[in-house]
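In: Below is the sequence, then the predicted model.
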Amino acid sequence: MTQPMNIFGVAGRAMSAQLVRLNATASNLANAGGVSGTAEGAYRSMRPVFKTSYDQASGLSTVDVQRVMTAGAEPTRRHDPSHPLADAEGFVYENAVDETAELVDMMESARHYQNNVEVLQTAKSLIAETLRLGQ
């Protein structure tokens, strides 16, 4: 039996999920612009898949990362016979990473993370103020 969630648990789990999202985005950006000699060897963007968890005892929902999977476009084939990784036909495969979309995703993830930090700070302030009222 799990313990009921509280606001700190909800925000903490949401922050953990956003951290996974930020790490996936960082990995995608680090691999942007790379090439491979095969379509299978080319890097594809990764995305976390989120799952909502509902706790009936507290009535609160939160999010967990169910898995991280590849998503997005297929690698782009480019004719470059002088490239050292070119296949027998002279093609290389550019990693499938949309840098603009990754930057937008990074900013969105960072904002979601910051929102949860603010939730934690507000909850902490409210608890401290409640304790002061009891004195």
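Out: All right, it came through fine. Values in this document were obtained by computation on a predicted structure and should not be read as measured data.

In: what sits against residue 81?
Out: By C-beta atoms under 8 Å, 6 or more residues apart in numbering, the contact list for residue 81 reads residue 90. Every residue, glycine included, has its C-beta placed from N, CA and C.

In: Look at it and tell me its secondary structure.
Out: Here residue 81 takes the coil state, with states given by DSSP: H, G, I helix; E, B strand; the rest coil.

In: Kindly report the same for the one 4 residues further on.
Out: Per three-state DSSP, the secondary structure class of residue 85 is coil.

In: Tell me how many other residues surround it.
Out: 14 (other C-beta atoms under 10 Å).

In: quick one, what contacts it?
Out: 35-37, 92.

In: Can you pull the phi/psi pair for the nearest residue to residue 74 once chain neighbours are set aside?
Out: For residue 74, ignoring the flanking residues on the chain, the nearest one in space by C-beta to C-beta, 6 or more residues apart in numbering is residue 96 at 5.9 Å. Phi and psi for residue 96, reported as degrees, to the nearest 10, are phi -90, psi 80.

In: okay but residue 96 is in contact with residue 75, surely?
Out: Yes: under the criterion of C-beta atoms under 8 Å, residue 96 makes contact with residue 75 at 4.8 Å.

In: before we move on, the earlier item: the residue nearest to residue 74: how many residues sit nearby?
Out: 20.

In: Tell me who's in contact with it.
Out: 42-45, 72-76.

In: Quick check: ChimeraX command selecting the buried ones in those residues.
Out: Buried subset of these, written as a ChimeraX selection, criterion 16 or more other C-beta atoms under 10 Å:
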select :42,43,44,45,75
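
In: Minimum pLDDT in the contacts of residue 96, which residue is that?
Out: Lowest pLDDT of these: residue 72, 80.
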